[in-house]
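>>> what's the 3D shape of this:
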Amino acid sequence: MDFLSILGLSIAIGSIVVGQFLEGGNLGSILQPTAFLIVIGGTLGAAMLQYPLPVFLRCIRMLPWVLRPPAIDPGETVRGIVQYSDVARRNGLLALESMIDGIDDPFLRRGLQLLVDGADPAKIRNTMEHEIQAVEHHDLQAAKVLESAGGYAPTVGILGAVLGLIHVMENLADPSKLGAGIAVAFVATIYGVGSANLFFLPVANKMKSIVHERAKLQELIVDGLVGIAEGENPRMIEGRLQGYFAR
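Okay, here's the model as predicted:
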């Protein structure tokens, strides 16, 4: 669980709500279902129009990463690769075959299978790097769905404000209906700017950060497996791999 994401979202929303109370307002004045429907519905519709269905669905599947990101533990990965290197150095590459089924990471499992199958180092690197680039491209495209939504939301918020003002102008003769129209106008703008800067853009950037970190971990794996294929000393492999995530 990513508690920093939970804390950040709580602080962002909480600050707005508390500020509203401090200004003498109440929560009900910023809870406008009509404005919410206009802004969020219009924004999602525009994002769906921009991207094909597989990309949009991939974005939905990646959303939980913000609160529960995929495990990225370079230290454990380096220790595992050094262990594989020790086994291969003592007993040969075929000795790694019995260890493949116990590996949870499908990327590492496929790489070890290439190693056991006797693929040469260049073949291992080319095959696995192609997979890294393809997956990273698709994941970044999915993150851009939310990034695009962050660009549309403020504009759709302005559209909601204009609709609210049109409603006001149509009911100038009935003062009892003016308040609701003005409320929708201003709250739609809040929803547009707020959703873009407190949700869509931060979440998109968080997803892109996770994608880059995972790709870097996979590059570490490729480097380690190629080192094993080339017969490098396990200690040399360990020293080189530790530099990938050096702080």
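
>>> contacts for the helix or strand hosting Ile16 next, please.
Assessed by DSSP states H and E, Ile16 sits inside helix 3-22. Contact with helix 3-22 is made by Asn26, Leu27, Ser29, Ile30, Val66, Leu67, Gly194, Leu198, Phe199, Pro202, Lys206, as judged by CB atoms under 8 Å, 6 or more residues apart in numbering. In this view, the C-beta of every residue, glycine as well, is placed from N, C-alpha and C.

>>> what do you get if the cut-off is 10 Å, keeping everything else the same?
Counting by CB atoms under 10 Å, 6 or more residues apart in numbering, helix 3-22 makes contact with 2, 25-27, 29-30, 65-69, 190, 194, 197-199, 202-203, 206, all of which sit outside it.

>>> could I get the buried residue list for the helix or strand bottoming out on mean pLDDT in the chain?
Ranking every helix and strand in the chain by mean pLDDT, DSSP states H and E puts helix 178-195 at the bottom, with a mean of 81. Within helix 178-195, the residues scored as buried using 16 or more other CB atoms under 10 Å are 181, 183-192, 194-195.

>>> related to what we said a few turns ago, could I have the helix or strand following the helix holding Ile16 exported to PDB, CA atoms only?
Heading C-terminal from helix 3-22, the first helix or strand you meet, by DSSP H and E, is helix 33-36. The C-alpha coordinates for helix 33-36 follow below in PDB (Å, rounded to 0.1, in the frame of the first residue of the first chain):
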ATOM      1  CA  PRO A  33     -24.300  16.700  -8.900                       C
ATOM      2  CA  THR A  34     -25.100  18.600 -12.100                       C
ATOM      3  CA  ALA A  35     -21.700  20.200 -12.200                       C
ATOM      4  CA  PHE A  36     -20.000  16.900 -11.400                       C
END
